[in-house]
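Student: whatever this is, show me its structure:
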Amino acid sequence: MFFSTRRILSTLAAFTLCVTSVALVAAEEWPSEPPAEAPAHWGAVSANFEEIPYPYPVHFLALNRFGQDMRMAYMDVPPSGPSNGQVVFIQHGMNFYSEAYTTTIDALAAEGFRVLAVDRIGYGKSSKPILPYNFNFVVANMKALLDELNIDKLAIVGHSMGGMVVSRFAMVYPELLTHVVMVNQIGLVDTRQSREWSDPYAGGVGQATYQSILRGHLNYFPDKWPPAHLEFVRRQFGQTMSGEWPRLAMVRRLQGGMLYNDPVVYDWQHITTKTLVVGGEEDGLIADFPAAVRHVNSELQDSTLLLYPGVGHAPQIEIPDQFHADLIRFLKSDPDEPASSWK
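Tutor: Predicted coordinates for the structure are as follows:
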């Protein structure tokens, strides 16, 4: 693969920052249970995660959308095991970004996959513009990256809100896809039918607290809290102490509005690609998650359903070995054979 001088320089800069800061994160000793208050030594976290190390070189794709210049960060990870010639594109959830899926990236690369993992616009190391976020905007950015890298055939995996991205992408670009995986997808109902629209600019900036952020993350894990996950709480809370928090808070509200303004529930019936709907049965974000995803599975044209009893919203964290074994087995299955025969 050949990279432009600009991309090489940006990658070297990111790698240098990663090396200098990784020791600080690794040295953190997390308590077995999250503290009631934010630790006093926690400080502000930058808007674009300049101090947060990523496990692989970070590249940036230049975009101009809505008359604004912006950059989308991504990792392009080659196979660490013998290449199988397949590409997997990972889409992160609402509270995350590509780095949070390092375990999944590593597992896929070890099995011979080339892995793309993005920070969508508004997340992680990518730009944080104020604009009318919607899933067509997101999908257009993903397609622009694939065009930049000359990739015309791939599998796509989305977790949580990333599952909504995957749904829209699979409807718009079926000719590019071999496999689709939706992991504990949210947005499983059209909420416009049950509540009124709210103005994202009303009510001022607001201030997320440590406790409110922690509650959101605790909802992911019905059984046991993974101590190292507190790092993600630290990062999210740290951005509320940033001087850029008013803009970040607005971006977050606009992104959250996508669930209401741009539902994907009408996309599923048009998806023809072989699809795995997978997740933990005890997902605390969605009422009766098993029933909701059974409906998704029934809407898709070629799909199969895999649920994990006793597991919550993040099976890649709670049961990584089982989840990754199942994910890899599905991604290696013949794309022309029915999903129903995968198991």
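
Student: quick one, helices of this structure?
Tutor: For the chain, the helices defined by DSSP state H occupy 5-27, 102-110, 135-148, 161-172, 210-218, 230-240, 245-261, 289-299, 315-318, 320-331.

Student: possible to save those helices as a markdown table with mean pLDDT?
Tutor: Below are the helices of the chain laid out as a markdown table (pLDDT from 0 to 100):
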| stretch | mean pLDDT |
| --- | --- |
| helix 5-27 | 39 |
| helix 102-110 | 98 |
| helix 135-148 | 98 |
| helix 161-172 | 98 |
| helix 210-218 | 96 |
| helix 230-240 | 97 |
| helix 245-261 | 94 |
| helix 289-299 | 97 |
| helix 315-318 | 98 |
| helix 320-331 | 98 |
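
Student: okay, these, which one's buried deepest?
Tutor: Most buried of these, by mean neighbour count (mean count of other C-beta atoms under 10 Å): helix 161-172, with a mean of 25. Placement of C-beta: from N, CA and C, glycine included.

Student: now the angle from that helix to helix 135-148?
Tutor: With axes from the mean of the first three to the mean of the last three C-alpha atoms, to 10 degrees as the criterion, the two stretches helix 161-172 and helix 135-148 enclose an angle of 70 degrees.

Student: restrict helix 161-172 to CA atoms and write it as PDB.
Tutor: Taking C-alpha atoms only, helix 161-172 is exported to PDB below (Å, rounded to 0.1, in the frame of the first residue of the first chain):
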ATOM      1  CA  MET A 161     -25.000   3.000  17.200                       C
ATOM      2  CA  GLY A 162     -22.500   1.500  14.700                       C
ATOM      3  CA  GLY A 163     -25.100  -1.100  13.900                       C
ATOM      4  CA  MET A 164     -27.300   1.700  12.600                       C
ATOM      5  CA  VAL A 165     -24.500   2.900  10.400                       C
ATOM      6  CA  VAL A 166     -24.100  -0.700   9.100                       C
ATOM      7  CA  SER A 167     -27.800  -0.900   8.400                       C
ATOM      8  CA  ARG A 168     -27.800   2.300   6.300                       C
ATOM      9  CA  PHE A 169     -24.500   1.300   4.500                       C
ATOM     10  CA  ALA A 170     -25.800  -2.100   3.700                       C
ATOM     11  CA  MET A 171     -29.000  -0.700   2.200                       C
ATOM     12  CA  VAL A 172     -27.100   1.900   0.100                       C
END
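
Student: that concludes my questions; thank you for your assistance.
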